[in-house]
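> After the sequence you'll find the predicted model.
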Amino acid sequence: MAWSPVRRVNAGLVRVKAPGDYATLNSNQLRDGTGGELILLNRNTQRRGSEWGSKEGTVGREPINYFDTTETHRLRGDMQRVNEWLAAADISFVGDDQHPMVRTKQRQMRRHFLLLPDQPEPRFDQSGRLFGGFWETLRKDRRKHIRIGGEKVATLDYGSMFTRLAYARLGIDAPDGDLYALAGTDSYRSGVKMAMNCLLFDTHVRGGWPKALGVGVGDDEAAGNADTPAAKFEARLPEGWTVKRTKQAILTRHPALAEAFGRGWGYSLMHQESVVLLAVLEELMERGIVGLGLHDGVLVPLSRAEEAQEVMSVTAWALTGASIPVSVE
């Protein structure tokens, strides 16, 4: 087995296969995010309650060394195949005058796995999301400038995926429609979604909302204006929507989720989400379709959107037993 020590190079972590055999990254690799380890493992070092931004504690990540196993070799091989496919693909950005500048060669994807503070041994069944592609950090309005094979792209998204995965784990079919639509929260979908995710991550009684969730600061429509208080928050809830009130409203719509909240399922569900996405990307590759992963969705050439939508639906059903709707924009 090969030991994988970690060192820091500029702003990135580089993981190599043997002690002392440190990779030398050239300027192009540092600029484009290529080279280095593809399977990263970190330990969450925040104090209790700080995950998902509770007002207590701070969040930290400690890089973890691990011994290579059959599992890590397989995981790394999966990412190598995806990255080779992306590196050879015709992906361009037709351009706008906005910043930051888009680097279309920044395509190398890595999987980021996580250990919790009380987990001493390396494991690879928590988180595992893919990061690294230039398209992931682009605002939605800038992604329309991406071209694959010279074509405009379509954005395909799983609907309410995190919550639907929780339902699937409970062995219950999720209700129809938007799972984040609650009475009294018109134009506050972002806040309901974040609140539900918080409750799925929690292992304790939550005392407050994350700092990124603004209460009484304005709705999602107001957040479209950068000069409003609402725009300063990632998500928003109406005035007076405390943890208790919000949880009651959620359970009124989703009584079955009472069994899922407070059990710390978040990172496990995130891993399941990443497994589905990777399987989708692999099937798209088999069909000759370039897919750019977005955690719970993909960008594909517009002409292949319908085919990719079917791939996503079938893959989700096969791996989770859940029927998860896929939208196309």
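Perfect, thanks for sending it.

> going forward, measure contacts between C-alpha atoms and count neighbours the same way
OK.

> show me where the stretch 201-329 of the chain has helices.
Secondary structure of the stretch 201-329 of the chain (DSSP state H, counting those that start in this stretch): helices at 243-253, 266-286, 305-320.

> CSV for those, including distance to His145, mean pLDDT and mean neighbour count?
Below are these laid out as CSV (distance: least, CA to CA, whole Å; pLDDT from 0 to 100; neighbours: other CA atoms under 10 Å):
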stretch, distance to His145, mean pLDDT, mean neighbour count
helix 243-253, 37, 97, 15
helix 266-286, 21, 98, 20
helix 305-320, 17, 98, 18
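
> and of the ones you listed, who's closest to Phe162?
Taking CA to CA, helix 266-286 is the member of these nearest to Phe162, at 6.8 Å.

> And the contacts of the biggest strand by length in the chain?
Ranked by residue count under DSSP state E, the longest strand found in the chain is strand 151-158. Strand 151-158 is contacted by residues 144-147, 296-303, 305, 309, 324-329 when judged by CA atoms under 8 Å, 6 or more residues apart in numbering.

> need the helices of the stretch 201-329 of the chain in CSV with distance to Arg76, can you?
Listed next are the helices of the stretch 201-329 of the chain as CSV, based on distance: least, CA to CA, whole Å:
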stretch, distance to Arg76
helix 243-253, 39
helix 266-286, 12
helix 305-320, 20
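
> Just the terminal-to-terminal distance for stretch 133-145.
With CA to CA, to the nearest Å as the measure, stretch 133-145 spans 15 Å from end to end.

> Same check on stretch 223-239?
Taking CA to CA, the first and last residues of stretch 223-239 lie 15 Å apart.

> Next, the buried residues of that stretch.
Neighbour-count burial for stretch 223-239 flags 223, 230-238 (criterion: 16 or more other CA atoms under 10 Å).

> Which pair in those residues has the greatest spatial separation?
Lys232 and Pro238 (15.1 Å).

> which residue is nearest the centroid of the chain?
For the chain, the residue nearest the mean C-alpha position is His295 (3.9 Å; CA atoms, centre = their mean).

> Which residues are in contact with it?
Residues in contact with His295, defined by CA under 8 Å, 6+ apart, are 129-130, 273-274, 277.

> how about a cut-off of 7 Å?
Contacts of His295 were listed using CA atoms under 7 Å, 6 or more residues apart in numbering, and they are 129-130, 274, 277.

> I'd like those residues as CSV, with distance to Pro100 appended.
CSV is the format used below for those (distance: CA to CA, whole Å):
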residue, distance to Pro100
Arg129, 24
Leu130, 21
Ser274, 27
Leu277, 27
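
> can you map out the strands along the stretch 101-250 of the chain?
Using DSSP state E, counting those that start in this stretch, the strands of the stretch 101-250 of the chain run over 110-115, 127-131, 146-148, 151-158, 213-215, 235-237.

> Would you format those strands as TSV with mean pLDDT included?
TSV is the format used below for those (pLDDT from 0 to 100):
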stretch	mean pLDDT
strand 110-115	96
strand 127-131	97
strand 146-148	98
strand 151-158	98
strand 213-215	98
strand 235-237	98
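
> and among the ones you listed, the most buried is which?
With neighbours defined as mean count of other CA atoms under 10 Å, the strands of the stretch 101-250 of the chain peak in mean count at strand 235-237, which reaches a mean of 28.

> any idea how far that one is from the chain center?
Taking CA atoms, centre = their mean, to the nearest Å, one finds the center of strand 235-237 at 19 Å from the center of the full chain.

> Which strands or helices does that strand pack on?
Strand 235-237 sits against helix 189-201, strand 213-215, with contacts defined as 3 or more CA pairs under 7 Å, 6 or more residues apart in numbering; DSSP states H and E.
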